[in-house]
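Visitor: predicted coordinates and the sequence they were generated for:
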Protein chains: 2
Amino acid sequence: MLSRMDVVLPNEGNEKLNYNTGVLLYGYMMEQVGEYAQELHEQGIKPYSQYLFFDKAQNSYVWRINTMTESAYERLLLPLKDALKKDIFIKNKEMNIAYEKMVDYKQISNDELLKKYYLSDTTAKYITLKFVTPCSFHSFGEHVFVPDIRLIMKSFMSKADAFTEVSFQDEETLQSLVQNIRLSEYSIKSTVYYLSRVKIKSFVGTVTFVVNGPDMLKRLAGMLFGYGEYSGVGVKSTQGMGGIQIL
Amino acid sequence: MLSRMDVVLPNEGNEKLNYNTGVLLYGYMMEQVGEYAQELHEQGIKPYSQYLFFDKAQNSYVWRINTMTESAYERLLLPLKDALKKDIFIKNKEMNIAYEKMVDYKQISNDELLKKYYLSDTTAKYITLKFVTPCSFHSFGEHVFVPDIRLIMKSFMSKADAFTEVSFQDEETLQSLVQNIRLSEYSIKSTVYYLSRVKIKSFVGTVTFVVNGPDMLKRLAGMLFGYGEYSGVGVKSTQGMGGIQIL
C-alpha cells in the first residue's frame, strides 16, 4: 500500500531550509517512531522515503513522506502525524522549523498502481522526471551521479520488488528496459549531499526519457516510474536524497 | 601548426545571431576559399574548426576559427582574413551580419603544444571544459549527447592524431585515460543543432573532470584537452558544433 503525506512548512521563518535539511528531518522522524526505528535500521530496502523541497506554487517548503507498506504507514506515518501538530524542533541543531499544515493523499494499493498502468488504454512514450533532491547511485564501489538509465531502472526494480507481490527484478526485463529507453532531453547539474561527515556526489534536474518497444514494456516502465515517486530512486532515499516527481 | 582568429561581431545589429548561425558562417567561409572547399570536402577529419558564441565580457558575438595545419592556415584562414573587411553577407538567407574587428592569436606549433604539457613541472588534476556550442558524438549508429569520457577522449585522440606527428590513437592509451578520468562537477543541458534538414541532439554546459593516475597520463590528458580547444570535439566541429574552452 502506497501512502503519502506532505508537511507544509512556510517560507517565512524557515529561511535556513534547503534540500539537505532532509537529513535532519530524518533524525526527527526516527525520534517519533520509537522502537520501529531499530527495526527499520535492520532492514535492507526501507519501506519509506522522504525529502524536502521548495514548492514555488505554494511559496512554501514541503516535506514529503511516502510509505510503501501497511506497517510503515501505521508505525511511521501515523506517529508522525500525531507529533506534527506544532513546530518541528531539531534537538542537536537547536533549530526550530515553523509548521503550517499537513496534506494527506489518497492511499493507493499496489494492485491499483499495477492496474493504473497495466490496464490503461494509453501508454506514455515520453516520461519527464524531475530529480527534486540530489540523486546518486552506487555501482561497482563508486557513486555514479548521472541519470544512467540502467541504474535508474535497476533501482526502481529492486525497490518495487521489495514491497510488491509481483517480482520485476530479472536481468532480461532490465535488459529490455535499458535497450528501449533513451534520453530525450535533460537539464541537470551535479551537487553534493551532506550526510553527517560524508559528502555524496549527486545530481538534480529534469530528464525526459523516451520509451520505445512494445506497449507492455511502456506499461512496465510507466509503472516503475510511478512507483519511484513513492520509493525514491538511488541511494539514501530515506535521508532526503533521490526524491523524484513525474512532470 | 595551430592558428586562431576571432571575428568580433557587435551585439548591436546582430540580434538574430545564436550558436546555430555557425552553419551559415560555415557556408560563407567555404565561399571565400575557392577550390580548397572541394579538397576539404574530400578529407575525413578536417584541419579546422569554427563556431559562434556570445562573449559576455565583450558584449559581442565572437566567431572563432581555428586551423590545425599550415595549409589550412594559408588556404582557409588567410583568404577569410582578406574577405573580412566588411560586414558578412549570407546570400541564401539575405542576412547581413555586422562586422566589428578581427583578433589574431599567436600561432603555436604542434611541438610547442607538446612541450607546454609534457615538459611542464606542474600537472593539472582538475580540468574544466565549457562546451560552448552544442556537442554530440556518433557511436554505434546513434547520437550520444552526454559528456561521455570515452567518447570525448576518443574524439580528441583521433583529431589530434590526424595532424600531429606523434600518434595517440591506441586502445591501451584510451583505456588508461578512461580509467583515470572521472566526472567531478557539471552543469549541462540537452539541445538540438540544426544542420540543413537534420536536427542533431547535443548538449551544452560546463564539466569539470578530475584526472588521476601517473603524471604522464595527466600530461597527455592536458595536451589532448588543449588540442581540443583548436580541433573542437565530437561531430560537425567544422559547422559550428563542439566548440570547447578550458576554463
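Guide: Nice, thanks for sending it over.

Visitor: so which other helices or strands are in contact with the one helix or strand in chain A whose mean pLDDT sits lowest?
Guide: Ranking every helix and strand in chain A by mean pLDDT, DSSP states H and E puts helix A:110-118 at the bottom, with a mean of 89. Counting contacts by 3 or more Cβ pairs under 8 Å, 6 or more residues apart in numbering or on different chains; DSSP states H and E, helix A:110-118 packs against helix A:215-231. From N, CA and C alone the C-beta is placed, and that goes for glycine too.

Visitor: one more time with 10 Å
Guide: Helix A:110-118 is packed against helix A:149-163, helix A:215-231, with contacts defined by 3 or more Cβ pairs under 10 Å, 6 or more residues apart in numbering or on different chains; DSSP states H and E.

Visitor: buried residues in the helix or strand following it?
Guide: Next helix or strand after helix A:110-118 toward the C-terminus (DSSP states H and E): strand A:126-135. Within strand A:126-135, the residues scored as buried using 16 or more other Cβ atoms under 10 Å in any protein chain shown are A:127, A:128, A:129, A:131, A:132, A:133, A:134, A:135.

Visitor: again with stretch A:20-39
Guide: A:20-26, A:28-30, A:32-33, A:36.

Visitor: can you redo those as CSV with secondary structure and distance to chain B?
Guide: Listed next are these as CSV, based on DSSP: H, G, I helix; E, B strand; the rest coil; distance: Cβ to the nearest Cβ, whole Å:
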residue, secondary structure, distance to chain B
A:20, helix, 17
A:21, helix, 22
A:22, helix, 21
A:23, helix, 21
A:24, helix, 25
A:25, helix, 26
A:26, helix, 26
A:28, helix, 31
A:29, helix, 31
A:30, helix, 32
A:32, helix, 36
A:33, coil, 36
A:36, helix, 38
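
Visitor: reformat the residues you listed as JSON lines; add distance to residue B:178 and pLDDT.
Guide: Listed next are those as JSON lines, based on distance: Cβ to Cβ, whole Å; pLDDT from 0 to 100:
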{"residue": "A:20", "distance to residue B:178": "32", "pLDDT": "96"}
{"residue": "A:21", "distance to residue B:178": "37", "pLDDT": "96"}
{"residue": "A:22", "distance to residue B:178": "34", "pLDDT": "96"}
{"residue": "A:23", "distance to residue B:178": "34", "pLDDT": "96"}
{"residue": "A:24", "distance to residue B:178": "39", "pLDDT": "96"}
{"residue": "A:25", "distance to residue B:178": "39", "pLDDT": "97"}
{"residue": "A:26", "distance to residue B:178": "37", "pLDDT": "96"}
{"residue": "A:28", "distance to residue B:178": "43", "pLDDT": "96"}
{"residue": "A:29", "distance to residue B:178": "42", "pLDDT": "96"}
{"residue": "A:30", "distance to residue B:178": "41", "pLDDT": "95"}
{"residue": "A:32", "distance to residue B:178": "47", "pLDDT": "95"}
{"residue": "A:33", "distance to residue B:178": "46", "pLDDT": "94"}
{"residue": "A:36", "distance to residue B:178": "46", "pLDDT": "95"}
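
Visitor: ok so, going back, for residue A:188, find the nearest of the helices and strands packed on helix A:110-118.
Guide: Using Cβ to Cβ as the measure, helix A:149-163 is the one of the helices and strands packed on helix A:110-118 that comes nearest residue A:188, at 12.5 Å.

Visitor: quick one, the closest one and helix A:215-231 angle?
Guide: 70 degrees (axes from the mean of the first three to the mean of the last three Cα atoms, to 10 degrees).

Visitor: do helix A:149-163 and chain B meet?
Guide: No: applying Cβ under 10 Å from any Cβ of the partner chain, one finds helix A:149-163 out of contact with chain B, separated by at least 10.8 Å.

Visitor: same for that helix, what does it pack against?
Guide: helix A:110-118, strand A:126-135, strand A:137-139, helix A:171-180, strand A:181-195, strand A:198-211, helix A:215-231.

Visitor: any idea which of those gets closest to residue A:165?
Guide: The closest of the helices and strands packed on helix A:149-163 to residue A:165 is helix A:110-118. By Cβ to Cβ, the value is 7.0 Å.

Visitor: contacts made by that closest one with the rest, please.
Guide: Helix A:110-118 has contacts (Cβ atoms under 10 Å, 6 or more residues apart in numbering or on different chains) with A:1-2, A:68-69, A:106, A:108-109, A:123-124, A:160, A:163-166, A:216, A:218-227, A:230.

Visitor: now restrict those to buried residues only.
Guide: For the contacts of helix A:110-118, buried by 16+ other Cβ under 10 Å: A:1-2, A:68-69, A:108, A:123-124, A:160, A:163-164, A:218-227, A:230.

Visitor: any residue of stretch A:194-204 touching chain B?
Guide: Yes: applying Cβ under 10 Å from any Cβ, one finds stretch A:194-204 touching chain B at A:201, A:203.

Visitor: what residues does chain A have near chain B?
Guide: Within reach of chain B by Cβ under 10 Å from any Cβ, chain A has these residues: A:142, A:144-148, A:182-192, A:201, A:203, A:205-208.

Visitor: not counting its neighbours along the chain, what's nearest residue A:227?
Guide: Among residues not flanking residue A:227 along the chain, residue A:160 sits closest, at 4.6 Å (Cβ to Cβ, 6 or more residues apart in numbering or on different chains).

Visitor: so who does the one you found touch?
Guide: A:45, A:68, A:110, A:113, A:166-169, A:223-224, A:226-228, A:230-231.

Visitor: ok, residue A:54 touching residue A:204?
Guide: No: the criterion here is Cβ atoms under 10 Å, and residue A:54 misses it with residue A:204 at 11.9 Å.

Visitor: so which of the contacts of residue A:160 comes closest to residue A:11?
Guide: For the contacts of residue A:160, the nearest to residue A:11 is residue A:230 (26.0 Å; Cβ to Cβ).

Visitor: for the closest one, what are its contacts?
Guide: With Cβ under 10 Å, 6+ apart, residue A:230 has these contacts: A:2-4, A:47-49, A:64, A:66-68, A:108, A:113, A:159-160, A:163, A:237, A:244.

Visitor: nearest residue to it other than its sequence neighbours?
Guide: In this structure, residue A:230 finds its nearest non-sequential neighbour in residue A:66, 4.3 Å apart by Cβ to Cβ, 6+ apart.

Visitor: doesn't the one you found lie inside a helix?
Guide: No: secondary structure of residue A:66 (DSSP: H, G, I helix; E, B strand; the rest coil): strand, not part of a helix.

Visitor: may I have the phi/psi pair for residue A:88?
Guide: phi -100, psi 130 (degrees, to the nearest 10).

Visitor: and chain A, what are its domains?
Guide: For chain A, the structural domains run A:3-104, A:110-246, going by automatic domain parsing.

Visitor: measure the shortest one end to end?
Guide: What it means is domain A:3-104. 8 Å (Cα to Cα, to the nearest Å).

Visitor: again with the last one
Guide: The distance separating the two terminal residues of domain A:110-246, taken as Cα to Cα, comes to 18 Å.

Visitor: was I right about the residue nearest to residue A:230 contacting residue A:243?
Guide: Yes: counting by Cβ under 10 Å, residue A:66 touches residue A:243, with 9.0 Å between them.

Visitor: quick one: residue A:125 from residue A:223, how far?
Guide: 15 Å (Cβ to Cβ, to the nearest Å).

Visitor: returning to what we had before: pLDDT for the buried residues of strand A:126-135 - can I get that in JSON lines?
Guide: Converted to JSON lines, the buried residues of strand A:126-135 look like this (pLDDT from 0 to 100):
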{"residue": "A:127", "pLDDT": "96"}
{"residue": "A:128", "pLDDT": "97"}
{"residue": "A:129", "pLDDT": "97"}
{"residue": "A:131", "pLDDT": "98"}
{"residue": "A:132", "pLDDT": "98"}
{"residue": "A:133", "pLDDT": "98"}
{"residue": "A:134", "pLDDT": "98"}
{"residue": "A:135", "pLDDT": "98"}
